[in-house]
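Trainee: Fold the following.
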Amino acid sequence: MPLPGELAELAAEVSNWGRWGDDDELGCGNLLDAEATRRGADAVRTGDRVSLAVELRADGVQVGQPARRYNPILTQTSINERDPFAPGIWAGTDDLVTMSTCAGTHLDALAHISYDGSLYNGFPADSVSAMAGAAHLGAEKLPSIATRGVLLDLPRAKGVDGLDVIDQGYAITGEDLDEAAEFAKVDLRPGDVVLVRTGEMRHYLADEREPFVPVQDTPRWRYAVGTGESKLPGFSVHSIRWLAEKQVAGAVNDTYAYEVFPPSLPDWSDCLAVHMIHVRDMGLLQGQNWNLEELSVRCAERGSGEFLLVAAPEPIVGAASAPVAPVALL
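Mentor: Next up, the predicted model:
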């Protein structure tokens, strides 16, 4: 089924199908060229490092909505054991992790979202199978990122703690991103990756993980699902053209849903429209659950929102998303 009305026109306008060839599986990752890397390196002043990842833990970001997304389950497969075929006095411990590839801080592969029977660049949606995963556009095709990162810190630009202070379901527009870019003192260039802070991560980080407290009463539930009418701030369709015009390689944020909830149309036919157009039409690198709180403080202290972003997604063959532990080099 195609997108409704004006959204279909917008998708056609920003589409990158065929831009880098009919067989392209990198999408906007093609914009991560040597110039973008040098621009990122030029933004480094002190060499300080800031981790942008949340911890992978059993009581992590996932709360069961949507279903079948699992926090990491850690199992020890050996504890202080020795291999009888390897002499010496050593003892080793190994373990196994079972998790959803999008359980924590991650990047979505271009196989993650389809509609109307197609993935990015016209690859068929049914090329994803239960046995082999994605035959095209899997996580192994995601590029390693070393480029200029730009923090678009919307709460600081607006003088609030988080966008939920203004409206729990705040819909981020291109005008908002312009305001945050001016606050960051940065002109966007092709190949940059924008990291958009809403302040939502505050709720997850505030979870003290008290025992015996129902998950629905915890701050991490508020982070993942929202409260009341399940409203969540995030990108709206009115930010899509801005990202396309700036030719950014990727856009990530500090939310669970990535885009604003609930959607705007009464029948929800535009549900996940930002996901659909970003991934399926633009081939844009996108990611969620990025922890931008310390980065927000550090960028405010130095009066600039630019830095070198380094992020290497795990190349899991056929996967629809990939865990990543990104680092901002200041």
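
Trainee: Look up the closest residue to residue 229, ignoring the ones flanking it.
Mentor: Nearest residue to residue 229, sequence neighbours excluded (CB to CB, 6 or more residues apart in numbering): residue 262, at 7.0 Å. Heads up, the C-betas are built off the backbone N, CA and C, glycines and all.

Trainee: What residues does that neighbour make contact with?
Mentor: Applying CB atoms under 8 Å, 6 or more residues apart in numbering to residue 262 gives the contacts 169, 229-231, 268.

Trainee: State the distance from it to residue 288.
Mentor: 17 Å (CB to CB, to the nearest Å).

Trainee: Name only those of the contacts of residue 262 that count as buried.
Mentor: If you count burial by 16 or more other CB atoms under 10 Å, the buried members of the contacts of residue 262 come out as residue 169.

Trainee: so, if you compare the contacts of residue 262, which one comes nearest to residue 89?
Mentor: Nearest to residue 89 out of the contacts of residue 262 is residue 230 (CB to CB; 56.6 Å).

Trainee: Double-check that closest one against residue 261; I have them as touching.
Mentor: Yes - the pair residue 230 / residue 261 is scored as a contact, 6.3 Å apart, by CB atoms under 8 Å.

Trainee: what mean pLDDT does the helix or strand hosting residue 74 have?
Mentor: Element membership for residue 74, per DSSP states H and E: strand 73-81. In this model, strand 73-81 has a mean pLDDT of 97.

Trainee: same thing with stretch 323-330?
Mentor: Across stretch 323-330, the average pLDDT comes to 98.

Trainee: Other residues contacting that stretch?
Mentor: Contacts with stretch 323-330, where a contact means CB under 8 Å, 6+ apart, come from 44-53, 56, 99, 101, 103-107, 145, 149, 287, 290, 295, 298-299, 302, 307-314.

Trainee: Just the ones in strands from these, please.
Mentor: 49-51, 106-107, 145, 149, 287, 307-311 (DSSP state E).

Trainee: can you pull out the strands in the stretch 201-330 of the chain?
Mentor: Under the criterion DSSP state E, counting those that start in this stretch, strands of the stretch 201-330 of the chain are mapped to 234-235, 250-253, 285-288, 306-311, 321-323, 327-329.

Trainee: just the buried members of the ones in strands among the contacts of stretch 323-330?
Mentor: Of the ones in strands among the contacts of stretch 323-330, these count as buried by 16+ other CB under 10 Å: 50, 106-107, 145, 149, 287, 307-311.

Trainee: Just confirm residue 119 contacts residue 283, I think it does.
Mentor: No - Residue 119 is beyond contact range of residue 283, at 9.7 Å (criterion: CB under 8 Å).

Trainee: what touches both of the two?
Mentor: Here residue 119 and residue 283 share the contacting residues residue 110, scored by CB under 8 Å, 6+ apart.

Trainee: Going along the chain, name the helices of the stretch 51-200 of the chain.
Mentor: Secondary structure of the stretch 51-200 of the chain (DSSP state H, counting those that start in this stretch): helices at 154-158, 163-166, 174-184.

Trainee: quick one: which of those is nearest residue 127?
Mentor: Nearest of the helices of the stretch 51-200 of the chain (CB to CB): helix 174-184, 33.1 Å.

Trainee: before we move on, the earlier item: from residue 31, how far off is the residue nearest to residue 229?
Mentor: 32 Å.

Trainee: so residue 222 makes contact with residue 201?
Mentor: No - the criterion here is CB under 8 Å, and residue 222 misses it with residue 201 at 11.5 Å.

Trainee: so residue 296 sits right up against residue 153, yeah?
Mentor: Yes - with contacts counted by CB under 8 Å, residue 296 reaches residue 153, the gap being 5.3 Å.
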